[in-house]
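**Student:** I would like the atomic coordinates for the input below:
(one chain, ligands or ions: 1)
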Amino acid sequence: MSSTAPTTRRTDDAPVRFGVIGAGFIARWFAEAVAREPGAQIVAVTSAHRERAAAFATEHGIAHAYASLEEMLAAHGPGSPDPIDVIHVGSPNSLHAQHAIAALEAGFHVVVEKPFALTRSQAEAMVKAARAADRFLMEGWLSAFEPGVARLREQLPRLGRLHRVVLSKEQFSSRMEVYRSGGLPPAFDPALGGGSLMDLGIYPVSLAIHLFGEPERVTATGTLLECGVDARGTVVLSYDCGEHAGLEVVCLHSKTSPGMESSFAGDHDVLSIDDCQWPRRIGLRGPTAATGTGEDLSVERGAEAPGHQLAYELAEVCRLVRAGARQSDLHPLSRSVAAVGVLQEARRQVGVRFPADEQD
Ligand SMILES: NC(=O)c1ccc[n+]([C@@H]2O[C@H](COP(=O)([O-])OP(=O)(O)OC[C@H]3O[C@@H](n4cnc5c(N)ncnc54)[C@H](OP(=O)(O)O)[C@@H]3O)[C@@H](O)[C@H]2O)c1
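**Tutor:** Residues are numbered from 1 along each chain as shown. You can find the predicted model right below:
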C-alpha cells in the first residue's frame, strides 16, 4: 500500500487536495470553507446519486464527480493526473466507519464528520485502520478549533473546583417539519444512525470530554419518536475520581425546541456561554469577575457568511496534513472514541438501537 499511497509529508506550498463524500448540507459548508481557504482545494466529489454529485461539482467548480467512493478513490491515487490528499467524509452517520476505513486502506488521509462512528467498536476499527495505513485521521468536531472553546480552556481554571456544568445544544430542526409531514430525513432515520443524541447531543458530550476527559458514569433519559430515534433528552456525565471528582455535567439536547445558555459553576463563580458548539458570548459572574456586574469574555468569530462555519477546523486540518501529523493534539482520536462510547451507552439507556448495535 505504501508504494501507491499519497505523500505523507507535504513540503510544497500547493493547496491540500480534498475528495468529498456527500453532496448535502455539510458538504456545502465544507466547499464554502474551502473556497475561502487558499491552502485547500476540492478535486472530486462523490454522493449516492451521480447527478447530485455532478450538480454539486458544477456549483462549486469541482473538476470530477463520481457515483461511488470506489470510483473516486481509484481515479485519484498519487500517480494519477489529479491526486487527492485527504478524503472528507460527509455521508450519513451509518456510513462513516465504512467510508473512512475504505479511504484509509486506499492510502488517503481522512476527516470524518461528527459523530465519528455509531459504536465504540466501529470507532476503534477506524483508529486501527489509520494506524495500519500510517495516515492522518480526525473527527470533524468543529468546536475543538473554535476561538470560543480556546477562551473556555484558558478561563475555566479561574473558577477553581467545578461542581456543576450544564451544556445545552437544543434547536428546532428544519428536518422535524419533514418528519412531521410524513417524511423520514436521514437525521431521523434509525437505519442511518439518526436522532437527537447523535446529531446534537454529541456537542455537549464532546465538549465535556474535551474539557474534563471521559466520565466514569453515564445516565441518560430521552423522548422517542415513533420512527425509533430520540427527539430530545438529557445525559448526565458523572466524574467520580481524579482532578474533577464530584463534577456532574448535565448535557441537554433537543431537535424539537430552542434551548438555554450553558454554564460552568465553581464555588463562587459562574461562567456562561451562549452556545456549546461555537461559543461567542462568554461571561463570568461572581467574586472572581473583574467588575461587580460581571466580566465580558466574548470572542469575535467573524460574520455569519458562507465558509465561516468550518473555517477554523479546515485551516487546522491543512496545517496538520502539511506537517505530516497522524492526528490532532487538540482533538485526539481517543476523545472521539470516548464520545462515541458515551453516546452508545446513552442510546442503550434511552432505547435507541441501530443495526450497527446488533454487530457489537
Ligand atoms: N459539523 C457540523 O456542524 C455538521 C452539520 C451538519 C451535518 N453534519 C454531519 O454531516 C454528515 C452528513 O449530514 P448532512 O446534513 O450533510 O446530510 P445530507 O444533507 O443528507 O447529505 C448526506 C450526503 O451523503 C450522500 N450519501 C449517501 N449515501 C452515500 C454513499 N453510499 N456514498 C456517497 N455518498 C452518500 C448523499 O448523497 P445524495 O445527495 O446523492 O443522496 C448526500 O449528499 C452527518 O454525519 C452529520 O452529522 C455535521
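**Student:** stretch 285-303 close to the ligand?
**Tutor:** No: using C-beta under 6 Å from any ligand atom, stretch 285-303 never reaches the ligand; the gap is at least 14.0 Å. In this view, the C-beta of every residue, glycine as well, is placed from N, C-alpha and C.
**Student:** export that stretch as PDB, just CAs?
**Tutor:** Backbone C-alpha positions of stretch 285-303 (Å, rounded to 0.1, in the frame of the first residue of the first chain) are rendered in PDB as follows:
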ATOM      1  CA  ARG A 285     -20.200  36.400  37.200                       C
ATOM      2  CA  GLY A 286     -19.100  36.200  40.800                       C
ATOM      3  CA  PRO A 287     -16.200  37.500  43.000                       C
ATOM      4  CA  THR A 288     -13.600  36.500  40.500                       C
ATOM      5  CA  ALA A 289     -15.000  38.700  37.800                       C
ATOM      6  CA  ALA A 290     -13.300  42.000  37.100                       C
ATOM      7  CA  THR A 291     -16.300  44.100  37.900                       C
ATOM      8  CA  GLY A 292     -19.400  43.600  40.200                       C
ATOM      9  CA  THR A 293     -21.600  43.400  37.200                       C
ATOM     10  CA  GLY A 294     -19.500  40.600  35.600                       C
ATOM     11  CA  GLU A 295     -16.700  40.200  33.100                       C
ATOM     12  CA  ASP A 296     -17.300  40.000  29.300                       C
ATOM     13  CA  LEU A 297     -15.000  37.300  27.900                       C
ATOM     14  CA  SER A 298     -16.700  37.100  24.500                       C
ATOM     15  CA  VAL A 299     -14.800  36.300  21.300                       C
ATOM     16  CA  GLU A 300     -15.100  37.600  17.700                       C
ATOM     17  CA  ARG A 301     -15.800  34.700  15.400                       C
ATOM     18  CA  GLY A 302     -16.300  36.600  12.100                       C
ATOM     19  CA  ALA A 303     -19.600  37.200  10.300                       C
END
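**Student:** distance between it and the chain's centre?
**Tutor:** Stretch 285-303 sits 27 Å away from the centroid of its parent chain (C-alpha atoms, centre = their mean, to the nearest Å).
**Student:** what does stretch 336-344 give?
**Tutor:** Stretch 336-344 sits 12 Å away from the centroid of its parent chain (C-alpha atoms, centre = their mean).
**Student:** give me the mean pLDDT for it.
**Tutor:** Mean pLDDT, stretch 336-344: 98.
**Student:** mind saving the C-alpha coords of it as PDB?
**Tutor:** Output in PDB follows, covering the C-alpha atoms of stretch 336-344 (Å, rounded to 0.1, in the frame of the first residue of the first chain):
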ATOM      1  CA  SER A 336     -13.700  10.700  19.500                       C
ATOM      2  CA  VAL A 337     -13.700   7.100  20.600                       C
ATOM      3  CA  ALA A 338     -14.800   8.100  24.100                       C
ATOM      4  CA  ALA A 339     -17.600  10.300  22.800                       C
ATOM      5  CA  VAL A 340     -18.900   7.500  20.700                       C
ATOM      6  CA  GLY A 341     -18.800   5.200  23.700                       C
ATOM      7  CA  VAL A 342     -20.800   7.700  25.800                       C
ATOM      8  CA  LEU A 343     -23.400   8.200  23.100                       C
ATOM      9  CA  GLN A 344     -23.700   4.500  22.600                       C
END
